[in-house]
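In: Any chance you can model this:
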Amino acid sequence: MQVIIQGDGINVRDQLKEYIEKELERLERYYDRLMDADVILEGQLHQKEARIKLTLPRETLFASTMSDKFETSIESAVDKLVEQLKRHKEKLRES
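Out: Take a look at the predicted model:
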């Protein structure tokens, strides 16, 4: 899976990039055909937002969350994507 990480008005430090990549690896346990992930981080003083767009064959999933820390926002967005992947996989089994 190709990962693109962008900061909207912020500089994304290497430590945070590594954390994001580690969190995104969790998604591959649920679906092994992930194509790419676009991560956009945007932050104000106490509002840190993480938006993740996940591209699969013939499907795009999206999750966005806000919290007081980027790490918390990223973890929460990945949790949402895990649930979406589980539903997607269930749909594939049913058809």
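In: The nearest residue to residue 86 once chain neighbours are set aside and residue 66: what is the separation?
Out: Closest residue in space to residue 86, ignoring its immediate chain neighbours: residue 30 at 6.2 Å, by CB to CB, 6 or more residues apart in numbering. C-beta here means a position set from N, CA and C on the backbone, and glycine is covered the same way. Using CB to CB, to the nearest Å, residue 30 is found at 24 Å from residue 66.
In: Then residue 24?
Out: Here residue 24 is placed at a distance of 19 Å from residue 66 (CB to CB).
In: okay, and for this protein, where does confidence drop off?
Out: Within the chain, no stretch has pLDDT under 70.
In: Try it again at 90.
Out: Where the chain drops to pLDDT under 90, the residues are 8-10, 32, 44-46, 58, 91-95.
In: Going by neighbour count, list what's buried in the biggest helix by length in it.
Out: Ranked by residue count and defined by DSSP state H, the top helix of the chain is helix 70-94. Neighbour-count burial for helix 70-94 flags 70, 73-78, 81, 84-85, 88 (criterion: 16 or more other CB atoms under 10 Å).
In: will you turn those into a markdown table that also has distance to residue 95?
Out: Shown next, in a markdown table, are these (distance: CB to CB, whole Å):
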| residue | distance to residue 95 |
| --- | --- |
| 70 | 37 |
| 73 | 33 |
| 74 | 32 |
| 75 | 31 |
| 76 | 30 |
| 77 | 27 |
| 78 | 26 |
| 81 | 21 |
| 84 | 17 |
| 85 | 16 |
| 88 | 11 |
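In: Point out the other helices and strands that the longest helix of the chain packs with.
Out: Contact here means 3 or more CB pairs under 8 Å, 6 or more residues apart in numbering; DSSP states H and E; on that basis helix 70-94 packs against helix 14-25, strand 36-43, strand 48-56, strand 59-67.
In: before we move on, the earlier item: which residues does the residue nearest to residue 86 contact?
Out: By CB atoms under 8 Å, 6 or more residues apart in numbering, the contact set of residue 30 is 82, 85-86, 89.
In: okay, residue 24 and residue 66: which has more neighbours?
Out: residue 24 (21 against 17; other CB atoms under 10 Å).
In: how much space between the closest residue to the more buried one other than its chain neighbours and residue 52?
Out: Ranked by CB to CB, 6+ apart and with sequence neighbours excluded, the top spatial neighbour of residue 24 is residue 37, at 5.4 Å. Look at residue 37 and residue 52: by CB to CB, they are 6 Å apart.
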